[in-house]
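K.L.:
Whatever this is, show me its structure:
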Amino acid sequence: MHALWTSAEIEAATGGRASQPFEVDGVTFDSREVEPGHLFVAMPGTVADGHQFVERAFAAGAAGAIVSQPVDGPHVLVEDTAAALTALAVAARNRVDAKVIGVTGSVGKTSTKEALAAALERRCRGRVHRSVKSYNNHTGVPLSLARMPRETKYGVFEMGMNNAAEIRALTALVRPHIALVVSIAPAHIENLGSIEAIADAKAEIYEGLEPGGTAILPNDVDQRDRLLKAARRHADQIITFGTGDADVTALHAVRSDGGGSLVTARLIESELTFTISQPGEHWVSNSLAVLAAVEAVGADLAAAGLALGDLGGMKGRGERLHVPVEGGEALLIDESYNANPASMRATLRNLAAEPVTGRRIAVLGTMLELGEHSEREHAGLAPAVLDAGVDRLILVGDATRPLCEALAGQVPTDVVTGAAEATALLLNTIRPGDAVLVKASNGVGLARLVERVAGGAATCST
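P.N.:
Residues are numbered from 1 along each chain as shown. Model prediction:
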């Protein structure tokens, strides 16, 4: 294996000047993530400047740094470290002979990205590179590209946005061969104003397609034709997934014994029967998007089906935890990382399908970035809560009060101000056999509730 970057390659990519020769095998701009052999990029910040942490990075084993002022230790000196990281990203993309897939969407983009990477990895171990966590913005995407090894065969990159034109800039860096929009929902509607504007912003991903590229889009959203129109401007091939007349569709889908789904899918050139480990109708849709992308790059569909059956839950995105409680254990479903109206309804449907010997408890926090639509969208969750058969509801944040009012006492409900209060209430409430759903926008901080309640809980296999 070659080094990820040599100092000479970093010089050539960034136009900087190396203090001495060095090689690195990783890249980060967070000094807390530095491991021996890494390159530390001293990024400017609104709270702290990365140059304040260069010494800490070298102490942790960094083999070199990109800086805009001289430091002790091996480094490449540049005028602008953020621009240098972008330049490194461009160089990384230029040097690989890989099939690159870009993924975006209002709901499910991170989960789909992870599932897609796992599907490709099944037959190509060690040569699939993906964005980690939710590194999908103006710094996360360049970092993810800069980390891509030159031997990569498949690259999978997530792209997110808060405003129009942000994905346009990201897809220009990623230059995908396959561009996938997973879903359209009213996330970030506070900034964009309408669901149509959200669809337009997501469709920007198609603008970066390489010649001969493929656009993949959901068939079951009201904005499908809007996405199709945008895709036709940039894609040589367009694939729809979902129900009805979709190109890739589920001919048959039933709940499996393990809580996921058994699916028979019609693809472009074949049919495939497979199991999804993750529960919920939305995961059937996600799996169709994954298989459409796998087929589009010519990878192994049978191996992809096996990978979908082996997926584990991701922290904050559906991880299922056995929580010890007095007299037995309860199930904690961790969806604390993100929330919008569509994902709230989907996870409440999953809670409804969960076999329980105790109660169904939902801890739901504020859905952020809804702006003037917030009151309506929170209140609009009332039918989903009732349909889920929720026995006890804990709402976190003042913005959730319209939901409490819409329920009009039909479900025992507490409204609390923050995660600490919700944690104390849940610990005093939870009993053996209960299934507890925890879901909110990440800024609400319910990940702390999960950590406190779960403690040393074991992850469920699903």
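K.L.:
Excluding chain neighbours, give the residue nearest to residue 420 in space.
P.N.:
With sequence-adjacent residues excluded and distances taken as Cβ to Cβ, 6 or more residues apart in numbering, residue 420 is closest to residue 448, at 7.7 Å. C-beta here means a position set from N, CA and C on the backbone, and glycine is covered the same way.
K.L.:
Off-centre distance for the helix or strand hosting that neighbour?
P.N.:
Following DSSP states H and E, one finds residue 448 within helix 446-454. Relative to the centre of its chain, helix 446-454 is centred 20 Å away, using Cα atoms, centre = their mean, to the nearest Å.
K.L.:
Could you list every helix and strand in contact with that helix?
P.N.:
Packing contacts for helix 446-454, counted by 3 or more Cβ pairs under 8 Å, 6 or more residues apart in numbering; DSSP states H and E, involve strand 319-325, strand 328-335, strand 360-365, helix 419-427, strand 435-439.
K.L.:
got the CA coordinates for the shortest one in CSV?
P.N.:
Included here for strand 435-439 are C-alpha records, laid out as CSV according to Å, rounded to 0.1, in the frame of the first residue of the first chain:
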residue,chain,number,x,y,z
ALA,A,435,-40.1,-0.4,23.8
VAL,A,436,-38.8,3.2,23.9
LEU,A,437,-38.4,5.3,20.8
VAL,A,438,-36.1,8.3,21.2
LYS,A,439,-36.1,10.7,18.2
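K.L.:
quick one: contacts of that strand?
P.N.:
323, 330-336, 339, 343-344, 347-348, 350-351, 354, 356, 358-365, 426, 430, 446, 449-450, 453 (Cβ atoms under 8 Å, 6 or more residues apart in numbering).
K.L.:
how about the residue nearest to residue 420, what does it touch?
P.N.:
Contacts of residue 448 (Cβ under 8 Å, 6+ apart): 419, 420, 423.
K.L.:
What of residue 108?
P.N.:
With Cβ under 8 Å, 6+ apart, residue 108 has these contacts: 182, 183, 282, 285, 286, 343.
K.L.:
Surely the last one touches residue 107?
P.N.:
Going back to what we said before, that points to residue 343. Yes: Residue 343 is within contact range of residue 107, at 4.7 Å (criterion: Cβ atoms under 8 Å).
K.L.:
before we move on, the earlier item: quick one, grab the pLDDT at the residue nearest to residue 420.
P.N.:
Note on residue 448: pLDDT of 95.
K.L.:
distance of it from residue 362?
P.N.:
Per Cβ to Cβ, to the nearest Å, residue 448 is found 18 Å from residue 362.
K.L.:
Any stretches of this structure with poor pLDDT?
P.N.:
Applying pLDDT under 70 to the chain flags the ranges 1, 456-462.
K.L.:
So which residue is dead centre in it?
P.N.:
Centre of the chain computed as the mean C-alpha position; nearest residue by Cα atoms, centre = their mean is residue 110, 1.8 Å away.
K.L.:
sorry, back to before: just the buried residues of the helix holding residue 448, please?
P.N.:
446, 447, 449, 450, 453, 454 (16 or more other Cβ atoms under 10 Å).
K.L.:
Let's have those residues in CSV, adding distance to residue 142.
P.N.:
Below are those laid out as CSV (distance: Cβ to Cβ, whole Å):
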residue, distance to residue 142
446, 30
447, 26
449, 33
450, 30
453, 36
454, 34
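K.L.:
All the helices of the stretch 51-200 of the chain, residue numbers only.
P.N.:
Ranges of helices in the stretch 51-200 of the chain, per DSSP state H, counting those that start in this stretch, are 54-59, 81-95, 109-121, 140-146, 166-174, 189-192, 195-203.
K.L.:
Figure out how far the second one is from the centre of its chain.
P.N.:
Going back to what we said before, that points to helix 81-95. Here the centre of helix 81-95 is set off from its chain's centre by 23 Å, with Cα atoms, centre = their mean.
K.L.:
Identify each buried residue in it, please.
P.N.:
81, 82, 84, 85, 86, 87, 88, 89, 90, 91, 92, 93.
K.L.:
what sits against the residue lying closest to the fifth one once chain neighbours are set aside?
P.N.:
Looking back up the chat, that one is residue 86. Using Cβ to Cβ, 6+ apart and skipping residues adjacent in sequence, the residue nearest residue 86 is residue 142, 4.8 Å away. Counting by Cβ under 8 Å, 6+ apart, residue 142 makes contact with 85, 86, 88, 89, 173.
K.L.:
want to try JSON lines for the residues you listed, with distance to residue 311 as columns?
P.N.:
Below are these laid out as JSON lines (distance: Cβ to Cβ, whole Å):
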{"residue": "85", "distance to residue 311": "31"}
{"residue": "86", "distance to residue 311": "32"}
{"residue": "88", "distance to residue 311": "31"}
{"residue": "89", "distance to residue 311": "28"}
{"residue": "173", "distance to residue 311": "28"}
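K.L.:
quick check, nearest of those residues to residue 52?
P.N.:
Closest approach to residue 52 among those (Cβ to Cβ): residue 85, at 17.4 Å.
K.L.:
Relative to residue 194, how far out is that closest one?
P.N.:
For residue 85, the distance to residue 194 (Cβ to Cβ) stands at 33 Å.
K.L.:
quick one, what contacts residue 44?
P.N.:
By Cβ under 8 Å, 6+ apart, the neighbours of residue 44 are 50, 81, 82.
K.L.:
again with residue 210
P.N.:
Residues counted as contacts of residue 210 (Cβ under 8 Å, 6+ apart) are 100, 175, 176, 177.
K.L.:
Secondary structure element holding it?
P.N.:
Going by DSSP H and E, residue 210 is not in any helix or strand.
K.L.:
so what's the backbone phi/psi at it?
P.N.:
Backbone geometry at residue 210, expressed as degrees, to the nearest 10, gives phi -70, psi 160.
K.L.:
Then the one 3 residues further on?
P.N.:
The phi and psi torsions at residue 213 (degrees, to the nearest 10) take the values phi -70, psi 170.
K.L.:
State the number of residues packed around it.
P.N.:
Residues near residue 213, counting by other Cβ atoms under 10 Å, number 21.
K.L.:
Quick check, it in contact with residue 180.
P.N.:
No: applying Cβ under 8 Å, one finds residue 213 not in contact with residue 180, separated by 11.2 Å.
K.L.:
As TSV, the contacts of residue 210 with neighbour count and distance to residue 392 would be great.
P.N.:
Shown next, in TSV, are the contacts of residue 210 (neighbours: other Cβ atoms under 10 Å; distance: Cβ to Cβ, whole Å):
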residue	neighbour count	distance to residue 392
100	25	46
175	18	49
176	25	45
177	21	48
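K.L.:
and of those, the nearest to residue 149?
P.N.:
residue 100 (13.4 Å).
K.L.:
for residue 223, what are its contacts?
P.N.:
Going by Cβ under 8 Å, 6+ apart, residue 223 touches 184, 195, 196, 198, 199.
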